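**Student:** could you work out the structure for the sequence below:
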Amino acid sequence: MDDLEKAILLSYEPGGGVDPVLRSQAIDYCRQMKDSPAICRLCVERLSRSDLVPVQFWCLQTIHDSLRLRYSSMDPAERGFLRDFLLSVACSGGGSGGEAAVAAAAAAARVSCSPAFIKNKFAQAFVALVCLEYPAAWSTVFLDLLPHLGKGAIVIDMFSRILNLLDDDLISMEYPRSNEEISMAGRIKDAMRMQCIPQFVRAWYDIVALYRSSNPALATMVLDTMRRYITWIDIGLVANDAFVPLFFDLVLTEGLPEQLRAAAAGCLLAVVSKRMEPKQKLGMLQSLQIKRVFGLVAEDGEPELVSKLAALVTGYAAEALDCSKQLSPGSVDGAAIELLEEALPSVLFVIQNCEADSTFNAVQFLSDYVSTMKSPSQKQVVYLGQILEVLRGEICYDSMYRNNLELPDKIGKEEEEQMAEHRKEFFALLRSICRVAPDVTQLFIRNLLANALASSVMNVEEAEVALSLFYRLGEAISGQGMRTGVGILKEMIPMLLSARFPSHSQRIVALVYLETVTRYMKFVQENTQYIPLALMAFLDERGIHHPNVNVSRRASYLFMRTVKLLKSSLVPFIEKILQSLQDVVVKFTSLDWSSKGLKSSGSEDGSHMFEAIGLLIGMEDISPEKQSEYLSALLIPLCQQAKSLLVDAGTLAQEDAFAKVACIQQVIMAINALSKGFSERLATASRPAIGAMFKQTLDVLLQIFVVFPNVEPLRNKITSFLHRMIEVLGPSVFPYLPIALEKLLADSEPKEMVEFLLLINQLICKFNTSVGGILEDIFPTVASRMFSILPKDGFPSAPGGNVEEIRELQELEKTLFTFLHVVATHDLSSILLAPKSRGYLDIIIQMLLFSSCSHKDMVVRKTCVHILVRFTKDWCDKVENLDKVPGFRKFIIETFATNCCLYSVVDKSFDLRDANTVLLFGEILAAQKAMHEKFGDAFLHHFAVAAHCPQDLVEVFRQKLQGNSMEGLKSFYQSLIHNLRQKQNGSFHFR
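**Tutor:** Numbering: from 1, shown residues only. This next block holds a predicted model:
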């Protein structure tokens, strides 16, 4: 063993058993050897004498790499040497004579005894040379191989591997190909068709016929090669009286190896799928008589054979369908449909009994088949019924998962997710059937519902699937059809509303039942006589009173949606609804919400029930007395509960305090949800007693800050409630704001500051300058808190920082800019000039300048430009000595106008191909118009100096700024920037 062989073995040795330094040296040595000019001859020599598999692999890989990377620099002798060597090995020591043949004889014996991956690696090197030289430089390669097939299995095996690798590496379009590869594949295929494909086909037939019994694995390999090539060779060479009987004989003969039969089925599928004119294709499909294999699909067999037969049946049916679509109606078209319908029972069997891939293809075919129907015949109606029955069976849960789904545990959740994914294609098929045969579909689902209701046993899965299909049926019904109850819907919906399944206590049945009831609520809206039935579906043990808490919560949410839809129609039923919900309301606020089983998932925490109640009792259709009675009956107990929870809460142990916090959260959420039904006009103008009740509630809830000042979930809930009270109480909320805002500001973290600023933005947008006094009081605290949180030197870009913390700070900065923009655009910029706020003015202006010039987010830059322009309009007068902020005019003209409106735009990172940058550019142009209007020649003079503009160009700029055409100004400024970029070569820098 020489150094190279030792190095190869070390480089392939698993890491644990070799010194890393030694291994690294070995890899470097092998890499250096690969760069040797004589490496290919060295590899050939090693292959002729080494039995070490790693050495053989390395040598073949190196030859392959050399051909790919160094072929153009090889001299003709080296190319010829490799050509002779590779051909001789492929021919098991045959081929041309010479130096290469001697080495090849020894190498061929070793390769033939090596593992399959060595043979494949050899075939890959052979194919690499074929791709480079066939047909121009090595036109006889395949003709040279053919005479040696008579040597037997070793040469046939290598011949098949070469053809398979040629397909994998170049010809097959199953892999992404470059234009160069597609062109090369076309050239090679054209040459092979002209030169050797007919000989290949004859050889394939002889080999399969000869070896089907004595060496079925070899015959299988050859059939697999045939399957690949049938797609692009002359179909007449295969679809004939010699091959077709052979294929069927192999498929139908019991006792032959399953792999051999499967390979023959694969060839038949390739024949069936061959692209050709529809008339020619139809004639071929008729002649094949594929129906001979339909019976085999239902037999027990190896998965590989069953899968291939399933693909053959489905592919045959799909091709027949394609023929029927392309041919004009008539007898020929009828023949295609006849072939298709012959295969249909077998396709349905495939869906019910075969692997997922086969099922997916079969369902795709059925969807395509159904979509071709215009007005289904009686025969097709029967088929549609069969398809629906198969569909029902395929989307039905397995009863073995019943307990898992009820909990649901990990297995149950996984089963639900998998079923949801599995059902997608089947529901698409259902929609297709609904479109072409709505009556058939409705009747089928109605019968499923009736059977599930009539069953005396608790068949969870049958009830769930019937309801799921009824739910999906709604997707194919128009709004008008839903309201009027098209077809037998007018019978099915009342049946649904009154339905009580034996399995209704099960989670999956109850949930899909409620979703289905909600989907058809537009029918109830139009047919109000069914409102009592609909209400009971939500209010009894099928809905909000269901024993499963997840069902109950979902029922609350869906009931709220129903109330929104029916609203005024529910006035006569309010008393009854409130009575039904009384026990649930009490239970909601008395549960231990800190327990794991009751922690809310997402937005469904049960509080939607209070929103539904609020929507009901917040209507002006109710008398003021009744309305006050209903609301006080809800608010008083909730407030009393909040007060009782706050008593001594500050002295409790952490675990007990946590339980109280969880309960207080639920109380706040309930009150918050309840308030959504009340408008500001009702609570402050028409029925102020309602507003007074909410004010009392606000008094109570603000006490929470005293006991739990720094509990983030409570702060968030109270902030959310304040948002609601601003909308409900209007200006009468003002007295409560100072204490609330003070508490929210104290020790607030970045996320909390974001929420706080959003609350302030809401106040400003709703009340405009009316909140000026409140803002003036809190602004110094807000500014102090903001600038103590935000980093002074920007956000770190180096890896290793706390990504979540940086994200929160960036969000806070963005929200701060939004806040300043709201302030500026609502005539409140004067709050920055108040004595207590004046100390923060400079840092705010500098931050706006920096961000307007260089912030990564172009939307933020645009916002900052707009803020500074608004400040300019507010603080600068036509006469300089009347300006509200001394020095601000100079800052805008000399710093902002230059750095932001000129230098940042000249910078090459300012890309006008980006949509947001275009918007920023428009904002900058608007800023320049505003500055010219405000400052006149002072602005233009300083701009001209900074941009080195000649006087004539300045005059043009003046005209554009004074004109009414923004497009004209934009075009001029773009041209100016382009010229400045070329002249300065990007040398402007921010100052």
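
**Student:** tell me where the stretch 101-250 of the chain has strands.
**Tutor:** Using DSSP state E, counting those that start in this stretch, the stretch 101-250 of the chain contains no strands.

**Student:** any low-confidence regions in it?
**Tutor:** Under the criterion pLDDT under 70, no range of the stretch 101-250 of the chain is flagged.

**Student:** please redo it, this time with the cut-off set to 80
**Tutor:** 101-102 (pLDDT under 80).

**Student:** okay, which residue is most central for this protein?
**Tutor:** Geometric centre of the chain, nearest residue: E421, 13.4 Å, by CA atoms, centre = their mean.

**Student:** quick one: that one and E515, what's the gap?
**Tutor:** 18 Å (CB to CB, to the nearest Å). Where you see a C-beta, it was placed from the backbone N, CA and C, and this is true even at glycine.

**Student:** and if you look at R31?
**Tutor:** 63 Å.

**Student:** quick one: which of the two has more around it?
**Tutor:** A count of neighbours by other CB atoms under 10 Å puts E515 above the other of R31 and E515, at 16 against 11.

**Student:** so that one touches Y557, yeah?
**Tutor:** No: using CB atoms under 8 Å, E515 is not in contact with Y557, being 10.5 Å away.

**Student:** low-scoring stretches of the chain, by residue?
**Tutor:** For the chain, the ranges with pLDDT under 80 are 1, 14-18, 93-102, 300-301, 328-334, 356-357, 588-606, 649-656, 792-802, 984-991.

**Student:** change it to 70
**Tutor:** By pLDDT under 70, the weakly predicted segments of the chain are 15-16, 94-99, 329-333, 589-604, 650, 796-801, 984-991.

**Student:** ok so, going back, check the gap between the residue nearest to the centre of the chain and A356 for me.
**Tutor:** From E421 over to A356 the distance is 10 Å, taken as CB to CB.

**Student:** please report how far the residue nearest to the centre of the chain lies from N361.
**Tutor:** Counting by CB to CB - E421 and N361 are separated by 16 Å.

**Student:** who's in contact with L327?
**Tutor:** By CB atoms under 8 Å, 6 or more residues apart in numbering, the contact list for L327 reads 278-279, 282, 333, 336.

**Student:** 10 Å instead, please
**Tutor:** When contacts are counted by CB atoms under 10 Å, 6 or more residues apart in numbering, L327 touches 277-279, 281-282, 333-336.

**Student:** again, but for M560
**Tutor:** 538, 607-616, 673, 676-677.

**Student:** show me which residues of the longest helix along the chain are buried.
**Tutor:** Criterion DSSP state H: the longest helix present in the chain is helix 410-436. Of all the residues in helix 410-436, those buried under the rule 16 or more other CB atoms under 10 Å are 412, 415-416, 419, 423, 425-427, 429-434, 436.

**Student:** out of the residues you listed, which comes closest to K695?
**Tutor:** Nearest to K695 among the buried residues of helix 410-436 is E416, at 45.8 Å by CB to CB.

**Student:** the closest one and Q56, how far apart?
**Tutor:** 52 Å.

**Student:** chain neighbours aside, what residue packs nearest to L833?
**Tutor:** Distances taken as CB to CB, 6 or more residues apart in numbering place K884 nearest to L833, at 6.2 Å, with adjacent residues excluded.

**Student:** check contacts around the one you found.
**Tutor:** 829-830, 833, 871, 874-877.

**Student:** same question, A203
**Tutor:** 145-146, 149-150, 156, 159, 196, 222.

**Student:** can you lay out the residues you listed as CSV showing neighbour count and distance to N447?
**Tutor:** Below are the contacts of A203 laid out as CSV (neighbours: other CB atoms under 10 Å; distance: CB to CB, whole Å):
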residue, neighbour count, distance to N447
L145, 23, 64
L146, 16, 64
L149, 18, 63
G150, 10, 66
I156, 24, 59
F159, 24, 60
C196, 17, 62
V222, 24, 53
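
**Student:** which one among the residues you listed gets closest to F501?
**Tutor:** V222 (58.1 Å).

**Student:** hmm, that closest one is touching I156, no?
**Tutor:** Yes: at 6.9 Å, V222 counts as touching I156 under the criterion of CB atoms under 10 Å.

**Student:** please report how far G393 lies from Q352.
**Tutor:** In terms of CB to CB, G393 sits 6 Å off from Q352.

**Student:** ditto for V905
**Tutor:** Distance of V905 to Q352, given as CB to CB: 67 Å.

**Student:** who has more neighbours out of the two?
**Tutor:** Shown here are V905 and Q352; by other CB under 10 Å, V905 has more neighbours (22 against 12).

**Student:** need the nearest residue in space to the more buried one, chain neighbours excluded.
**Tutor:** Counting by CB to CB, 6+ apart, V905 lies nearest to I977, which is 5.4 Å off, once chain neighbours are set aside.

**Student:** what is the neighbour count of that neighbour?
**Tutor:** I977: 18 surrounding residues under other CB under 10 Å.

**Student:** quick one: residues contacting it.
**Tutor:** When contacts are counted by CB under 10 Å, 6+ apart, I977 touches 902, 905-907, 910, 912, 921, 947.

**Student:** tabulate the residues you listed (TSV), appending secondary structure.
**Tutor:** Below are the contacts of I977 laid out as TSV (DSSP: H, G, I helix; E, B strand; the rest coil):
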residue	secondary structure
L902	helix
V905	helix
V906	helix
D907	coil
F910	coil
L912	coil
F921	helix
A947	helix
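
**Student:** what lies in contact with stretch 937-945?
**Tutor:** 880, 889-890, 892-895, 897-898, 901-902, 928, 930-933, 935, 949-951, 953-955, 957-958, 961.

**Student:** that stretch: which residues count as buried?
**Tutor:** 938-940, 942-944.
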